[in-house]
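Engineer: Fold the following for me, if possible:
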Amino acid sequence: IPEHVAVIMDGNGRWAKKRALNRLKGHKAGIEAVRETIRCASDLGVRYLTIYSFSTENWKRPQEEVVGLMDLFAKTMLAEVDGLHEENVRVRTIGDLSALPAETREAFEEAWLKTRGNTGMTLVVAVNYGSRQEILHAAEACVRRALATAAEGGDPTAPLTEAEFAQGLYTADIPDPEVVIRTSGEMRLSNYLLWQVAYSEFVSTMSRSPCYASLQANGPRWLCCPPPPRYARVSSTTCCAPMRSCQTRCSASWRRRCIRSACISSGCRARLWSALCCCWRLSCGMCSGCAPVSPMWASASSARRIA
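Structural biologist: Just a heads-up that it's a prediction; the model follows:
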């Protein structure tokens, strides 16, 4: 199970529009989707779950929608914090809270104060968050450190490491996500955790965000044992025995189910990678004795069939 999963809850407005509803109705329906996501991730053993709830670009939306969202955030957080606390979930935020209305900001602060001692899953709410803004914030922190070093007689031109730069990010004490899930079928990051997701697995679902009950059914497939990032390295170890079946066909010709397992007999640690490869998902790689499987990405027509 990955330690950190990041989710872009996209498609609320389009879900509402398709049903001739107000966009805020879609956002309210999305609350149930978020609740189900939190429950599913906690049950699976995910340690960090980051939800992209409001970006710095979302201020450009109609004023009525922005005000409604801020009110929804405040009411939802106040209503849910007791339940989250009982489930031992810790709630924290990333982003610039100073621009939020006082009621919304206080609701998030109250949730943090009440749950900060919990030891279960950490729910990270990205609100008024933009990754470019975050990177600028980290760069400014590096400049301040360099100026302080120069004032103390040190060398301000000393090489900067990635670890030192990352200390200025909002997520300085949070591990990078192994998996990024985006609903509604969009294949972009939208200014979300650009530094942190350099080696993350990306999953795009075809359902709109309020239909996120599919996470309950597909969560184990999406979240169970994703292959660790190689960081451009090549491993020399292979499975000690051929796979019985690396690839089996489903009833639909455009859908593949792929199961990859390391052999236990030679003392390898058992590893199961099970994924429903609906064209847009990478199939498993190549095990000893297995035929290689090439990655496939969905065409527009196959994406519509999946939806």
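
Engineer: count of residues packed around Ser53?
Structural biologist: The local packing count at Ser53 equals 23, with neighbours defined by other C-beta atoms under 10 Å. All C-beta atoms are positioned from the backbone trio N, CA, C, and that covers glycine.

Engineer: repeat for the one 5 residues further on
Structural biologist: Using other C-beta under 10 Å, Asn58 is surrounded by 17 other residues.

Engineer: Work out for me the element Trp195 sits within.
Structural biologist: Assessed by DSSP states H and E, Trp195 sits outside every helix and strand.

Engineer: Could you pull up the contacting residues of it?
Structural biologist: For Trp195, the contact set (C-beta atoms under 8 Å, 6 or more residues apart in numbering) comprises Ser131, Glu134, Ile135, Ala138, Ala166, Leu169.

Engineer: where does Leu169 land in three-state SS?
Structural biologist: Secondary structure for Leu169, judged by DSSP: H, G, I helix; E, B strand; the rest coil, is coil.

Engineer: re earlier: and the furthest pair within the contacts of Trp195?
Structural biologist: Farthest pair in these (C-beta to C-beta) is Ser131 and Ala166. Separation: 12.8 Å.

Engineer: what's the spacing between Ala126 and Glu57?
Structural biologist: 12 Å (C-beta to C-beta, to the nearest Å).

Engineer: who's more crowded, those two?
Structural biologist: Neighbours were counted for Ala126 and for Glu57 using other C-beta under 10 Å; Ala126 has more, 24 against 10.

Engineer: what kind of secondary structure is the more buried one in?
Structural biologist: strand.

Engineer: What segments of the stretch 1-150 of the chain are strands?
Structural biologist: Using DSSP state E, counting those that start in this stretch, the strands of the stretch 1-150 of the chain run over 4-8, 48-55, 90-94, 122-129.

Engineer: and among those, the most buried is which?
Structural biologist: strand 4-8 (a mean of 26; mean count of other C-beta atoms under 10 Å).

Engineer: Pull the residues that contact that one.
Structural biologist: With C-beta under 8 Å, 6+ apart, strand 4-8 has contacts from 37, 41, 46-52, 174-183, 186, 189-190, 192-193, 196-197, 200, 223.

Engineer: Report the contact partners of Leu169.
Structural biologist: By C-beta under 8 Å, 6+ apart, the contact set of Leu169 is Glu134, Ile135, His137, Ala138, Trp195, Gln196.

Engineer: Of those, just the buried ones, PyMOL syntax please.
Structural biologist: The PyMOL command for the buried members of the contacts of Leu169 (criterion: 16 or more other C-beta atoms under 10 Å) is given here:
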select buried, resi 134+138+195+196
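
Engineer: Of the contacts of Leu169, which pair is most distant in space?
Structural biologist: For the contacts of Leu169, the farthest-apart pair by C-beta to C-beta is His137 and Gln196; their separation is 13.8 Å.
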